[in-house]
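**Q** structure here, sequence nowhere to be found:
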């Protein structure tokens, strides 16, 4: 599909200033409805090791923050959507024409007991032997508001180095930045279904617990330029040994 949107220069400048940007409509309501059906089908089936727990199960044994990596493996129709065409076009505006896909994932917060996604930088998960430049396009498939766990960001934090992180639970996969973020430093970004936020891989971000009556469905598309090897590997001591060679 061909892209149907283009960022204004004001939007591009805002992204580079703040490290994040909100777009009210990445795709049509009709495509959002189709994507929501695909999304719910994926979370109802067994996808093996590509389903990870970002947070521990609750006292009743229920999942609180399940994630599916590479969902397009199980639903190939996700490879050819208007949302993806527009997301790639935006990514190339922000990072340059050499920008390519860097993997999708889907995160679901169950209604009423969905756990918060802790404050973190995406690059804290990535290989410490390379210099990275990447973005994530985060698209909700229902209204995303603070009550359901919309995205929150610290403006300008993309200019920080990767800060120390820790695993929030030994049985889960979510990382959390060691230093807490003050409420007054966070900007919450509510979105309609099919809108999106775009954030840099070093932007500190968070999504609260889902206290609403509906699942909070988020589909995330990653994009990056080729990573460049560093002369000296950084020490990301918080990462699990199996994450990298």
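**A** Received, thanks. Note that the coordinates shown come from a computational prediction; the quantities given were computed from them, not determined experimentally. Numbers count the residues shown, from 1 in each chain.
**Q** helices of this protein, residue ranges please.
**A** Under the criterion DSSP state H, the chain carries helices at the ranges 9-18, 29-43, 82-95.
**Q** buried deepest among those, which one?
**A** For those, average neighbour numbers computed from mean count of other Cβ atoms under 10 Å are highest in helix 82-95, which has a mean of 21. No exception for glycine: its C-beta is placed from N, CA and C like everyone else's.
**Q** what's in contact with that one?
**A** Residues outside helix 82-95 that contact it (Cβ atoms under 8 Å, 6 or more residues apart in numbering) are 1-7, 12, 15-16, 23, 26-28, 31, 35, 78, 99, 101, 133-135, 137, 139, 194, 196, 198, 219, 221, 223-225.
**Q** ok, now stretch 29-47?
**A** Contacts to stretch 29-47, defined as Cβ under 8 Å, 6+ apart, come from residues 27, 66, 68, 71, 73-75, 77-78, 81-83, 106, 108, 141-142, 193-194, 215, 217, 219.
**Q** equivalent analysis for stretch 169-185, please.
**A** Contact with stretch 169-185 is made by 52-56, 65, 67, 117-121, 124-125, 154, 163-168, 204, 206, 238, 240, as judged by Cβ under 8 Å, 6+ apart.
**Q** what helices and strands are in contact with the one helix or strand in the chain whose mean pLDDT sits lowest?
**A** Of all helical and strand segments in the chain, the minimum by mean pLDDT, DSSP states H and E falls on strand 51-53, at a mean of 92. Strand 51-53 is packed against strand 66-69, with contacts defined by 3 or more Cβ pairs under 8 Å, 6 or more residues apart in numbering; DSSP states H and E.
**Q** so for the strand it packs on, what gets flagged as buried?
**A** Judged by neighbour count (16 or more other Cβ atoms under 10 Å), strand 66-69 contains these buried residues: 66-68.
**Q** how about stretch 223-241?
**A** Judged by neighbour count (16+ other Cβ under 10 Å), stretch 223-241 contains these buried residues: 223-225, 236, 239.
**Q** and for stretch 172-192?
**A** Applying 16+ other Cβ under 10 Å to stretch 172-192 flags 172-177, 181, 186, 189, 191 as buried.
**Q** using a markdown table, please lay out the residues you listed together with distance to residue 150 and pLDDT.
**A** What follows is the buried residues of stretch 172-192, written out as a markdown table (distance: Cβ to Cβ, whole Å; pLDDT from 0 to 100):
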| residue | distance to residue 150 | pLDDT |
| --- | --- | --- |
| 172 | 22 | 85 |
| 173 | 22 | 89 |
| 174 | 17 | 93 |
| 175 | 20 | 96 |
| 176 | 18 | 97 |
| 177 | 19 | 98 |
| 181 | 16 | 96 |
| 186 | 11 | 97 |
| 189 | 6 | 98 |
| 191 | 6 | 98 |
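**Q** want to throw the residues you listed into TSV with distance to residue 43?
**A** Output for these, formatted as TSV (distance: Cβ to Cβ, whole Å):
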residue	distance to residue 43
172	17
173	17
174	18
175	22
176	24
177	27
181	29
186	28
189	24
191	20
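**Q** of those, which pair is most distant in space?
**A** 172 and 191 (25.8 Å; Cβ to Cβ).
**Q** now, of the contacts of stretch 169-185, which are buried?
**A** Buried subset of the contacts of stretch 169-185 (neighbour count, 16+ other Cβ under 10 Å): 52-56, 65, 67, 117-121, 124-125, 154, 163, 165, 168, 204, 206.
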